[in-house]
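*Asks:* The sequence and its predicted three-dimensional model are supplied below.
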Amino acid sequence: MFDQPKTRGLPYGFGGGHVLKRDVGIIPAIGWALPALVLAADLPTARADEIVDLRAGQELLERRLEEVAQVAPTMPAGSGAPVVAGSFPRSLLIPGTDVSLRIGGQGVGSVLWYLKGANTGGALGGQGGSSQYTDGQGGTGNLPSIPLAGLPASGAIGFAHSRSSAWDFSGKASRIFLDARSPSPYGEVKAYIEFDFLAMTPNTNLNNNRGSVNGYIPRFRQGYAALGGLLAGQTQGTFLDVDSLPELLDLASQTGITFIARTPQVRYTYPLPYGASIAVAAENPSPSVAGPFGAYFTDTNQIPTSSSCAALTSSSATNATNITNACLGNAAFFNPLQDIMPDFVVRGRIEQPWGHLQAGVTTVGYALNDGLFLNKTYIGYGGSVSGHFFTWDKDNLLWGVAGGEGIGDQIANNFGIATNFGGALAGQTFNATDSRSFFSTNRAFYDSAVRATTITSFSARIAYQHWWTPELRSTIDFSMNHQDVPSFGIASIRTSNNKELNLAHLNLIWSPVAFVDLGLEYAWGHRVTVANNRGDAYTLQSSLRFRF
């Protein structure tokens, strides 16, 4: 071991395995010069065989120096120890362990301008300003809630669209992650944790949230552990094909993609020959319903402080309100969904130099159970095929199709079953100020009139990326999803639920230096409800991103 390197003479510790490369050149120089000096001096005692022995010793010395130069110097752990690269790109080896760690993420600044079609907030009867959607135009953003032409909630024709222009500046998509990996006899061990700041939801109780001090909080995106092919925790859904998604500035991505993004699960992946693999997974159930008050999920909850629905007496009928009796006219109260089984997914995949192909099948379980006389179960199923191909140079063709019966949000923006539960059944009145319905006065009769069925749905998407130069590229895409939602003769089901969504993007992205992206993107979104009411949205978005 050594503290300070020697710069003159033989390397410190020579013969013990330590040498500095800058010393390696000194020794051959001395070795080559020594025979020349002997010959030049013309020493009378030097015989020919001695010269030969000297040259042989010099050659042996050179070979020893070459061997020593191949041995990396051993440094003590702690301060002053060299930084050692980890087992995967951009990672470092934690000193004293065999764990490789990468700390990474991105900083993002986004400017989004809704020329038309921004989803409105809860003020002014649902026609107020900003709903805080800064995700973008895409499927998990503004698209499913585009204002409908001529049908504002307040009844003032055209009012919604007249307020649908908006600006949003955001840095919420900035994120950070930790990725730790270590070898083991059972395969690579991995731990991964990731956060961003997109936890803010629309129509929440906000006050000057656009100011310098805002309410944005970290959002848990991913966190899982893996041992070889076994993975447990929250990460991208097994049905999802991330590699078939285009490069967009729109943080909400396409519509109709195979979901579910970042869901808790247990998955096992088994590698096969020729770049193929097969994965099986049980994922956190997330059943969804299209009902009289729009779409809702298992975790759509009622206002915590309101009391349960109760039948009114004739003496109190004139004072009935949705506050005192909490028979709320919304999906939060009428939510009979029950998680009866995990979502099961089987996925096959092949990766080759020309690109990749992925195919998957899934099943989804549904139960409508209101705790009394309603108890109905349904099983949904579906499949998908997706992939990407390299065309010429670095250009990409990306695509995917999916469909099923009751597949739910395994296709983004779709729902699994439709029901009339929560509506006015058997001709009874049911509204926000009169809770005297068969739901409260004759529950058995009400539940017997409840109907439900799985929803047939499908989606398709395609995108093409062209590289103009090594630093400049563009992507153009189109995506759509369609679902046949039955209305059961209830008008609110027709007006509250979407039948089809369409989305297109066109962008230009420049990377002036490595890991930096600066771009501009135009997007068009189109929404059609079951009642064939329509709305359009047009956006321009720009962002600057640095990935580290």
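*Replies:* Here it is on my side, so go on. Numbering: from 1, shown residues only.
*Asks:* show me where the stretch 301-450 of the chain has strands.
*Replies:* 343-352, 355-369, 375-390, 396-405, 417-419 (DSSP state E, counting those that start in this stretch).
*Asks:* Report the mean confidence score over the last one.
*Replies:* Same thing as strand 417-419. The average pLDDT for strand 417-419 rounds to 96.
*Asks:* what's it in contact with?
*Replies:* Residues outside strand 417-419 that contact it (CB atoms under 8 Å, 6 or more residues apart in numbering) are 287-291, 366, 368, 378, 380, 406, 408, 450-455, 485-488, 493, 497. Where you see a C-beta, it was placed from the backbone N, CA and C, and this is true even at glycine.
*Asks:* helices or strands up against the helix or strand encompassing residue 542?
*Replies:* Counting by DSSP states H and E, the element that carries residue 542 is strand 534-547. Judged by 3 or more CB pairs under 8 Å, 6 or more residues apart in numbering; DSSP states H and E, the packing partners of strand 534-547 are strand 100-116, strand 516-529.
*Asks:* What about the nearest residue to residue 448 once chain neighbours are set aside, how many residues nearby?
*Replies:* What sits nearest to residue 448 in space, not counting adjacent residues and going by CB to CB, 6 or more residues apart in numbering, is residue 373, at 6.9 Å. Residue 373: 13 surrounding residues under other CB atoms under 10 Å.
*Asks:* Take the strands of the stretch 301-450 of the chain and lay them out in TSV including distance to residue 249 and mean neighbour count.
*Replies:* Shown next, in TSV, are these (distance: least, CB to CB, whole Å; neighbours: other CB atoms under 10 Å):
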stretch	distance to residue 249	mean neighbour count
strand 343-352	27	18
strand 355-369	23	20
strand 375-390	19	18
strand 396-405	16	20
strand 417-419	34	26
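*Asks:* Columns distance to residue 439 on top of the ones you listed, output as CSV?
*Replies:* Formatted as CSV, the strands of the stretch 301-450 of the chain follow (distance: least, CB to CB, whole Å):
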stretch, distance to residue 439
strand 343-352, 30
strand 355-369, 14
strand 375-390, 16
strand 396-405, 29
strand 417-419, 14
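*Asks:* still on that earlier bit, next up, the contacts around the residue nearest to residue 448.
*Replies:* 443, 444, 447, 448.
*Asks:* Apply 10 Å and report the result again.
*Replies:* Contact analysis of residue 373 by CB atoms under 10 Å, 6 or more residues apart in numbering lists 443, 444, 445, 446, 447, 448, 450.
*Asks:* And residue 488, by the same measure?
*Replies:* Contacts of residue 488 (CB under 10 Å, 6+ apart): 291-292, 418-421, 423, 425, 449-453, 494.
*Asks:* repeat that with 7 Å
*Replies:* By CB atoms under 7 Å, 6 or more residues apart in numbering, the contact set of residue 488 is 420, 451.
*Asks:* chain center to stretch 257-269, what's the gap?
*Replies:* Taking the mean of its C-alpha atoms, stretch 257-269 sits 10 Å from the chain's own mean (CA atoms, centre = their mean, to the nearest Å).
*Asks:* which residues are contacting it?
*Replies:* By CB under 7 Å, 6+ apart, stretch 257-269 touches 139, 221-222, 229-241, 245, 277, 279-284, 286, 360, 384, 386, 400, 402, 409-412, 461.
*Asks:* Now, of these, which are buried?
*Replies:* For the contacts of stretch 257-269, a burial check counting by 16 or more other CB atoms under 10 Å picks out 139, 221-222, 229, 231, 233-241, 245, 279, 281-283, 286, 360, 384, 386, 400, 402, 409-412, 461.
*Asks:* hmm, back to that, between the strand holding residue 542 and strand 100-116, how many degrees?
*Replies:* In terms of direction (axes from the mean of the first three to the mean of the last three CA atoms, to 10 degrees), strand 534-547 departs from strand 100-116 by 150 degrees.
*Asks:* Need the pLDDT of the most centrally placed residue in the chain.
*Replies:* For the chain, the residue sitting closest to the mean C-alpha position, by CA atoms, centre = their mean, is residue 261 at 5.3 Å. Listed pLDDT for residue 261 reads 84.
*Asks:* residues in contact with residue 389?
*Replies:* 354, 355, 397.
*Asks:* tell me the domain ranges of the protein?
*Replies:* 1-76, 101-201+216-225+238-297+316-547 (automatic domain parsing).
*Asks:* okay, those domains in CSV with distance to residue 89 next?
*Replies:* Formatted as CSV, the domains of the chain follow (distance: least, CB to CB, whole Å):
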stretch, distance to residue 89
domain 1-76, 21
domain 101-201+216-225+238-297+316-547, 8
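*Asks:* thinking again about what came up before, kindly indicate which of the contacts of residue 373 lies nearest residue 170.
*Replies:* When the contacts of residue 373 are compared for distance to residue 170 (CB to CB), residue 450 wins out at 42.1 Å.
*Asks:* For the closest one, give its distance to residue 489.
*Replies:* Distance, residue 450 to residue 489, using CB to CB, to the nearest Å: 13 Å.
*Asks:* Keeping just the C-alphas, turn stretch 418-426 into CSV.
*Replies:* Output in CSV follows, covering the C-alpha atoms of stretch 418-426 (Å, rounded to 0.1, in the frame of the first residue of the first chain):
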residue,chain,number,x,y,z
ALA,A,418,-72.2,0.2,-16.9
THR,A,419,-75.0,0.4,-14.4
ASN,A,420,-78.2,2.3,-13.6
PHE,A,421,-77.5,2.1,-9.9
GLY,A,422,-77.9,5.6,-8.4
GLY,A,423,-80.4,6.7,-10.9
ALA,A,424,-84.2,7.2,-10.6
LEU,A,425,-85.5,3.6,-11.1
ALA,A,426,-89.0,2.3,-11.6
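*Asks:* pLDDT weak spots in the stretch 201-350 of the chain?
*Replies:* 201-213, 215, 303-329 (pLDDT under 70).
*Asks:* for residue 237, what are its contacts?
*Replies:* Counting by CB under 7 Å, 6+ apart, residue 237 has contacts 259, 260, 261, 263, 283.
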